[in-house]
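K.L.:
sharing a sequence plus its predicted fold:
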2 protein chains.
Amino acid sequence: MIGLTMKHLRYFDALRQHRHFGRAAEACAITQPALSVQIKELETIVGSPLVERGGRQIRLTTLGERFAEKAQGILQSVEELDDMVRATQGPLAGPLRIGVIPTVAPYLLPDVMRTLTARYPGLDLLPREAVTQSLLADLLAGRLDAAIMALPVSEPALREFALFDEDFVLVRSSAEADQPVPNAKALGEMRLLLLEEGHCFRDQALSFCNLTSAPRNLMEGSSLSTLVQMVGAGIGVTLIPEMALALETRSADVSVARFEAPQPARTIGMVWRKSSPLTQDLMQIGAVVRGVGQARRSPRAT
Amino acid sequence: MIGLTMKHLRYFDALRQHRHFGRAAEACAITQPALSVQIKELETIVGSPLVERGGRQIRLTTLGERFAEKAQGILQSVEELDDMVRATQGPLAGPLRIGVIPTVAPYLLPDVMRTLTARYPGLDLLPREAVTQSLLADLLAGRLDAAIMALPVSEPALREFALFDEDFVLVRSSAEADQPVPNAKALGEMRLLLLEEGHCFRDQALSFCNLTSAPRNLMEGSSLSTLVQMVGAGIGVTLIPEMALALETRSADVSVARFEAPQPARTIGMVWRKSSPLTQDLMQIGAVVRGVGQARRSPRAT
DNA sequence: TAAAAATACTCCATAGGTATTTTAT
DNA sequence: ATAAAATACCTATGGAGTATTTTTA
């Protein structure tokens, strides 16, 4: 049925409602001859008469009635499509699939979700927690709209938007609270607890110690929370990003210390495809996340 | 979302399938620039980007994906509409609502249904049995496409198509088989069994006896079958159309006689709105019904 | 005779084509 | 450097308007 248009359906639906060419045309905001022509054309397309013209009164044929019924359904679907579009209309509305690395998600996401949802009620955040490699793959494949991770990512197809820097702090048993803070070299020789393979934070910590591979006496955990609990048990020392401080050291018997001069740190940023049409929106969202992150980090006094 | 056309949906659906403007355009049998323009226009209509253009590879936005999904549903509905139309395509296909008066229906309909269904497999006959007045009302209101009844109907809006004539025969008890056949006047003085009010056949029988109202000694039945059974029980005599003969006198102990010179008879015809676009089809169907009716009547030997 | 739809025609908007430029890998 | 989409421009189709005729109740 090539050549069938929305107009045909709309006009025919109007004719079904009004059972009168003149009034139906008026309802469609066109003239009666225009409607007559369109209906006739529709009948040509269909190949059978849909309307029974009878002087004073017109009537639809049985095929016409059935046609009108289906046409109405189609028009309704179009309406729904319209509604859907309208719901995701305006900037910062609609679904946004955002990935966050595990060493940031638990500390940043709750506030971010709260703030963004409050500011942009139409925004439908769909967060996903995964390690950097996984997030990058999802981003590049179009399964994510944006991701929050440590910079740089050095993917030419991706745009980086820096959010904030965060220092790493030393977590050691409370018994060691009074000992001097080790430097990077000394740290490498201590029993260092690190996240398992795949977490960027593991590599960042190792890099601070000038190590490329893990030392033999290394112990691993699958989350910062686990690491801190292990430190509390006297098993060793670890590094955590300062943002995790408040949450992770609350219920552990550990002491926290900042490093001297060469502060270990990383930059957290938001990343999305350069080609994403959401760029404008994402920059706004990035600004909000930046605000949340900086507020979250500011009680840096420990 | 005014301005949205089927083409937009079709083109966007193709783009979703091919994820490539050039190939999608080819699939739509248009050129790439034409498709680009249409997709861009669609995005303008929608008000948000639906496609993420990325040099080598394009990708749909989340809104684009959702849009495409709904669009696909709409296109499928159009397909179904097309199927429906195709199913009722060609003359003598599709539903046909046909009414038949009760003194014809049981004797004619089975054969008619069988013959028409065999000859026109696409035809979907929807018969309805009702008295003339009811059928006429349904016809004029467009609730029936055609009706088979006694002519004339004298409705200016309706067209009459004569099918065949049928005589009325006398049914009396088998004990009276050797008696002379009464004439119209004599019949009016006998105990005459007639159909109840509303049946045209009742009026036709009365009219034969030159009676306008029912005689006082009249008895009524709701069907010819009932009347014949009553005759068999010796209650009186009755008239039935010859077409009913074979079926109704088979299991009754009655005798049948034809009248002399002024043969009572009626014309059965098919009737439909003059304005009906089915006129061509109905004339063909009428011809078939005529054939069936005449064959049904021909074994007039009694 | 009057109401309603069909027809005739004209005009303008637009879909689609060709040629070319821009863009991103 | 190349593949792909966007842009520019032109043409032709067709949708809608006004004026008029035809139809039928």
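P.N.:
Here it is on my side, so go on.

K.L.:
what is the neighbour count of the closest residue to DNA strand C within the stretch 201-302 of chain A?
P.N.:
Here the residue of the stretch 201-302 of chain A nearest DNA strand C is residue A:275; by C-beta to the nearest atom of the strand that distance is 5.6 Å. (C-beta placed from N, C-alpha, C; glycine too.) Per other C-beta atoms under 10 Å in any protein chain shown, the neighbour tally for residue A:275 reads 17.

K.L.:
what's the distance between the closest residue to residue A:259 other than its chain neighbours and residue A:187?
P.N.:
The shortest distance from residue A:259 to any non-neighbouring residue, by C-beta to C-beta, 6 or more residues apart in numbering or on different chains, is to residue A:181 (5.9 Å). Residue A:181 sits 9 Å away from residue A:187, going by C-beta to C-beta, to the nearest Å.

K.L.:
where do the contact lists of the two overlap?
P.N.:
Common neighbours of residue A:181 and residue A:187 are listed as residue A:170 (criterion: C-beta atoms under 8 Å, 6 or more residues apart in numbering or on different chains).

K.L.:
ok, residue A:259 - contacts?
P.N.:
Taking C-beta under 8 Å, 6+ apart, one finds A:167, A:168, A:169, A:170, A:181, A:183, A:184 in contact with residue A:259.

K.L.:
equivalent analysis for residue A:48, please.
P.N.:
Residues near residue A:48 by C-beta under 8 Å, 6+ apart: A:61, A:63, B:85, B:88, B:89, B:94, B:277.

K.L.:
what's the burial count for the second one?
P.N.:
Here the count is done by other C-beta under 10 Å, and residue A:63 has 24 residues near it.

K.L.:
residues contacting it?
P.N.:
If you count contacts by C-beta under 8 Å, 6+ apart, residue A:63 has them with A:46, A:48, A:49, A:50, B:85, B:88, B:94.

K.L.:
let me know the pLDDT of it.
P.N.:
Listed pLDDT for residue A:63 reads 89.

K.L.:
more neighbours: residue A:181 and residue A:187, which one.
P.N.:
Neighbours were counted for residue A:181 and for residue A:187 using other C-beta under 10 Å; residue A:187 has more, 20 against 14.

K.L.:
select the longest strand from chain A.
P.N.:
Longest strand in chain A, counting residues (DSSP state E): strand A:158-173.

K.L.:
picking up where we left off before, for residue B:60, see how far away the nearest residue in space to the residue of the stretch 201-302 of chain A closest to DNA strand C that is not next to it in sequence is.
P.N.:
Sequence neighbours aside, residue B:54 is the residue nearest to residue A:275 in space, at 3.6 Å (criterion: C-beta to C-beta, 6+ apart). As judged by C-beta to C-beta, residue B:54 and residue B:60 stand 11 Å apart.

K.L.:
up against DNA strand C, what does chain A have?
P.N.:
A:20-22, A:32-33, A:36-37, A:39-40, A:51, A:53, A:55-56, A:58, A:156-157, A:274-275 (C-beta under 7 Å from any atom of the strand).

K.L.:
which ones among those residues are found in strands?
P.N.:
A:51, A:53, A:58.

K.L.:
JSON lines for the residues you listed, including pLDDT?
P.N.:
Shown next, in JSON lines, are these (pLDDT from 0 to 100):
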{"residue": "A:51", "pLDDT": "90"}
{"residue": "A:53", "pLDDT": "82"}
{"residue": "A:58", "pLDDT": "86"}
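
K.L.:
any idea which element residue A:127 lies in?
P.N.:
strand A:123-129 (DSSP states H and E).

K.L.:
just the residues contacting that strand, thanks.
P.N.:
A:92-102, A:105, A:109, A:113, A:116-117, A:135, A:138, A:144.

K.L.:
next, the angle from the lengthiest helix in chain A to helix B:62-87.
P.N.:
Using DSSP state H to define each element, chain A has its longest helix at helix A:62-87. Relative orientation of helix A:62-87 and helix B:62-87, computed by axes from the mean of the first three to the mean of the last three C-alpha atoms, to 10 degrees: 180 degrees.

K.L.:
put the alpha carbons of the helix or strand of chain A with the lowest mean pLDDT into CSV.
P.N.:
For chain A, using mean pLDDT, DSSP states H and E, the weakest element among its helices and strands is helix A:184-189, scoring a mean of 81. C-alpha atoms of helix A:184-189 as CSV (Å, rounded to 0.1, in the frame of the first residue of the first chain):
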residue,chain,number,x,y,z
ALA,A,184,56.7,6.3,48.2
LYS,A,185,59.8,4.1,48.3
ALA,A,186,59.2,3.0,51.9
LEU,A,187,55.6,2.3,51.1
GLY,A,188,56.6,-0.1,48.4
GLU,A,189,58.5,-2.2,50.9
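
K.L.:
now do stretch A:74-82: distance to the chain's middle.
P.N.:
Between the centre of stretch A:74-82 and the centre of its chain there are 27 Å (C-alpha atoms, centre = their mean, to the nearest Å).

K.L.:
could you do stretch A:270-285 as well?
P.N.:
Taking C-alpha atoms, centre = their mean, one finds stretch A:270-285 lying 11 Å from the centre of the chain it belongs to.

K.L.:
ditto for stretch A:8-16
P.N.:
The chain centroid and the centroid of stretch A:8-16 are separated by 41 Å, computed with C-alpha atoms, centre = their mean.
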